[in-house]
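[1] return atomic coordinates for the entry below.
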Amino acid sequence: MREQQTAGVIAAISAYLLWGFLPLYWKFLSEVPSSEVLAQRIIWSLLFMMAALFLMGRLKDVLQEVKGVFASKQKTGAVILASLFISTNWFIFIFAVNSDRVIEASLGYYINPLINVLLAAVFLKERLTMGEKSAFILAAAGVFLLTTQYEGFPWAALALALSFGCYGLIKKVVNLGAWAGLTIETLMVTPFALLFIFFFVEGEGFIRHYGSEQSLLLIGAGAVTAIPLLLFAAGARRISFSLVGFLQYLAPTIMLGLGVFLFQEPFSGLQLASFIIIWIGLFIFTISRSAVFRKEKRKKRDIQRETKMSG
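    Numbers count the residues shown, from 1 in each chain. The predicted structure is shown next:
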């Protein structure tokens, strides 16, 4: 049990580290238009997943799961929506990084957990605790204060949080494994990515006149998309919800550090104060969410114990 938990912690931390340092990868592709990077990312992600599944001997099982999705109109429609939301999220993130908005991108992933809870309350009718309401108000105040510090509204941060939140909401309704999920999501949008590459991108061939370094980075976009997601899925199965809740802030914290210290994006004292308000809100949120999760777990244990006794 302890070995399983240790492996889960290592996998989850590895996933968040890779996501945190992902801006560095897209910075190396700053000369390539964001729309083209997105199209290449989608195509190579699908190819990477298919190759990995084949080598692991899991291709048949995952394709069977994908086939089951297409058998249901409701599931097909939901997965199409999920594909559009995650593709939008990928594009905004690449665009934000290459537009010197890494700090703003980090803000998006800081507030994403709060957006998730808000969407669940609106669409799934889940009740918010007092702590969650307080956390949301504090985070909203921090975002409002940040808005006064930017030259314009921090649309990239909110678009990242909303697109990923909507994606997560759909994934919660349509229960798919990490392997099948990413395979079918990239499969849905790959035809459009191919059409874009061949008909709307000037140049010669699939990988056009870029240097060998950029060409390899474009091909590698599939691996850097899939690997952290699969590591996260492996980690989340082995560790507690509360630990995942704390670890999820590792990625945006790394992004914030990259934006401030490496890319030297403007970051004033008032912006720092805004982030501190958001961090306090997130701390309250994480504690509150963990308490709710423990309560639900205890309730399930009691029900199981009563069922056994009555049986």
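
[2] what residues of the lowest-mean-pLDDT helix or strand in the chain count as buried?
    When the helices and strands of the chain are compared on mean pLDDT, DSSP states H and E, helix 241-247 comes out lowest with a mean of 78. Of the residues in helix 241-247, 242-245, 247 count as buried by neighbour count, 16 or more other Cβ atoms under 10 Å. No exception for glycine: its C-beta is placed from N, CA and C like everyone else's.

[3] ditto for stretch 148-166
    149-150, 154, 156-166.

[4] longest helix of this structure?
    helix 269-310 (DSSP state H).

[5] which other helices and strands contact it?
    For helix 269-310, the packing partners by 3 or more Cβ pairs under 8 Å, 6 or more residues apart in numbering; DSSP states H and E come out as helix 102-123, helix 130-149, helix 241-247.

[6] highest mean neighbour count out of those helices?
    helix 102-123 (a mean of 22; mean count of other Cβ atoms under 10 Å).

[7] so how far is that one off the chain centroid?
    In this view, helix 102-123 has its centroid 10 Å away from the chain centroid, taken as Cα atoms, centre = their mean, to the nearest Å.

[8] other SSEs contacting that helix?
    Checking 3+ Cβ pairs under 8 Å, 6+ apart, helix 102-123 ends up next to helix 73-98, helix 130-149, helix 155-173, helix 250-257, helix 269-310.

[9] tilt between the longest one and helix 102-123?
    Helix 269-310 and helix 102-123 are oriented at 40 degrees to each other (axes from the mean of the first three to the mean of the last three Cα atoms, to 10 degrees).

[10] coming back round to it: any chance of a markdown table for the buried residues of helix 241-247, columns distance to K27?
    Formatted as a markdown table, these follow (distance: Cβ to Cβ, whole Å):
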| residue | distance to K27 |
| --- | --- |
| S242 | 34 |
| L243 | 31 |
| V244 | 28 |
| G245 | 29 |
| L247 | 24 |
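
[11] and the two most separated of those residues?
    Greatest spatial distance among these (Cβ to Cβ): S242 and L247, at 9.8 Å.

[12] switch the helices and strands packed on helix 102-123 over to JSON lines; also include distance to N116.
    Below are the helices and strands packed on helix 102-123 laid out as JSON lines (distance: least, Cβ to Cβ, whole Å):
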{"stretch": "helix 73-98", "distance to N116": "13"}
{"stretch": "helix 130-149", "distance to N116": "11"}
{"stretch": "helix 155-173", "distance to N116": "5"}
{"stretch": "helix 250-257", "distance to N116": "14"}
{"stretch": "helix 269-310", "distance to N116": "10"}
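
[13] any idea of the mean pLDDT in stretch 38-49?
    Stretch 38-49 carries an average pLDDT of 95.

[14] oh, that last question was meant for stretch 157-166, not what I typed.
    For stretch 157-166, the per-residue pLDDT averages 94.

[15] repeat for stretch 263-276
    92.

[16] can I get the CA coordinates of the least confident helix or strand of the chain in CSV?
    Taking Å, rounded to 0.1, in the frame of the first residue of the first chain, the C-alpha atoms of helix 241-247 are listed here in CSV:
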residue,chain,number,x,y,z
PHE,A,241,-8.1,13.5,-3.3
SER,A,242,-6.8,16.0,-0.7
LEU,A,243,-3.2,15.4,-1.8
VAL,A,244,-4.1,15.9,-5.4
GLY,A,245,-5.8,19.1,-4.3
PHE,A,246,-2.6,20.5,-2.8
LEU,A,247,-0.3,19.2,-5.6
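
[17] for that helix, which helices and strands make contact with it?
    Judged by 3+ Cβ pairs under 8 Å, 6+ apart, the packing partners of helix 241-247 are helix 2-20, helix 269-310.

[18] can you list contacts of that helix?
    The contact list for helix 241-247 (Cβ atoms under 8 Å, 6 or more residues apart in numbering) reads 9, 12-13, 16, 113, 235-236, 286, 289-290, 293-294.

[19] residue ranges with poor pLDDT in this protein?
    1, 150-151, 202-210, 241-242, 310-311 (pLDDT under 70).

[20] once you drop chain neighbours, what's closest to A82?
    Nearest non-adjacent residue to A82, counting by Cβ to Cβ, 6 or more residues apart in numbering: I170, 4.3 Å away.

[21] the one you found reaches F85, doesn't it?
    Yes: if you go by Cβ atoms under 8 Å, I170 and F85 touch, sitting 7.0 Å apart.
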